[in-house]
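# Take this sequence and fold it.
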Amino acid sequence: MASRKRSTLPRDEARRRYVEIGERVVLEQVRTDARRFDQESIAVGPFARLDAGAVAAREGKTRGAVTNLFGSQAAFQAETMALALNTWEFIERIEYPDPAAFATADEWVDAFFAGESARGPVHRADPEVTYASLWALWLSTVPYGLWSERASAPGIEEQLQHLQHLEQVLGSALDRFHLTLREGTTLRDLASAIASLTEGVWLNQCLTRTHPSDPTQPVAELLRRSGRLLWAGATAPR
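You can find the predicted model right below:
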């Protein structure tokens with residue numbers, strides 16, 4: 001039997017080589033799970049580690065109390081994931097600042113983006129079932145969307161629902177403050193830019209409570225000031 005060839009790489013290089021191979025294997029596993037997810041109901045990401053026994057213990061019961069209801073731990077995991085990632089109800093309940101309550105557009109824009117920051121995740125916050133926490137859980141499933149239509153579809157549908165809501169409040173603000181959109185810009189463009197900016201800053205809010213480049217300011221200041229720039233670039237007096 002032929003003996004396996006021993007690596008001649010220095011230790012540090014060998015460690016790095018195996019880590020690089022490991023990175024690829026992880027991505028291949030995500031792709032495999034994503035394709036399987038399109039074919040059957042399975043849990044992915046942190047939901048796949050959800051322990052029915054630990055959940056039942058919160059109610060002073062045993063694993064059987066959960067598996068009897070759902071049929072198996074795997075089925076319980078999949079149903080929990082489906083519910084957690086369906087946040088449409090949270091989107092419908094968003095209450096944006098009423099433009100009629102503000103004297104100037106600048107005041108309304110500040111209040112709008114301060115509210116968007118508050119609606120998002122907060123670094124080191126306690127785990128609880130809120131939109132902000134479920135949004136963070138949704139992030140854990142995003143890689144599967146690279147290879148799974150079923151994983152990506154709910155996020156796209158929620159995004160469209162959110163944009164429609166945003167367009168309505170933005171249209172009201174433009175009317176209230178006698179503004180118009182700059183040539184070549186639509187309400188959907190502005191709503192999409194605001195949604196993308198907000199979720200981008202929320203990534204920072206997962207990691208820090210202060211402005212990433214100015215620790216003297218709260219992280220909310222990042223979204224407020226960036227939002228003001230975005231609004232100024234998209235609007236003009238009528």
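# what does stretch 84-100 rub up against?
47, 108, 111-112, 115, 119, 130-131, 134-135, 137-138, 141, 154-155, 157-158, 161-162, 165, 169, 172-173, 175-177 (CB atoms under 8 Å, 6 or more residues apart in numbering). Bear in mind the C-beta positions are built from the backbone N, C-alpha and C, glycine included.
# Next, name the residue at the spatial heart of this structure.
In the chain, the C-alpha closest to the average C-alpha coordinate belongs to W135, at a distance of 4.0 Å (CA atoms, centre = their mean).
# Could I get the buried residue list for the lowest-mean-pLDDT helix or strand in the chain?
Ranked by mean pLDDT, DSSP states H and E, the helix or strand of the chain with the weakest confidence is helix 88-92, at a mean of 87. Across helix 88-92, burial judged by 16 or more other CB atoms under 10 Å covers F90.
# Where does pLDDT dip in the chain?
1-7 (pLDDT under 70).
# packing partners for the very next helix or strand once past the least confident helix or strand of the chain?
Once helix 88-92 ends, the next helix or strand along the chain (criterion: DSSP states H and E) is helix 105-119. Packed against helix 105-119 by the contact rule (3 or more CB pairs under 8 Å, 6 or more residues apart in numbering; DSSP states H and E) you find helix 149-176, helix 187-207, helix 220-234.
# Can I get those helices in TSV including mean neighbour count and distance to A74?
Shown next, in TSV, are the helices and strands packed on helix 105-119 (neighbours: other CB atoms under 10 Å; distance: least, CB to CB, whole Å):
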stretch	mean neighbour count	distance to A74
helix 149-176	16	16
helix 187-207	17	29
helix 220-234	18	39
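# before we move on, back to that, quick one: distance of the least confident helix or strand of the chain to the chain centre.
Remark: helix 88-92 is offset 14 Å from the chain centroid, using CA atoms, centre = their mean, to the nearest Å.
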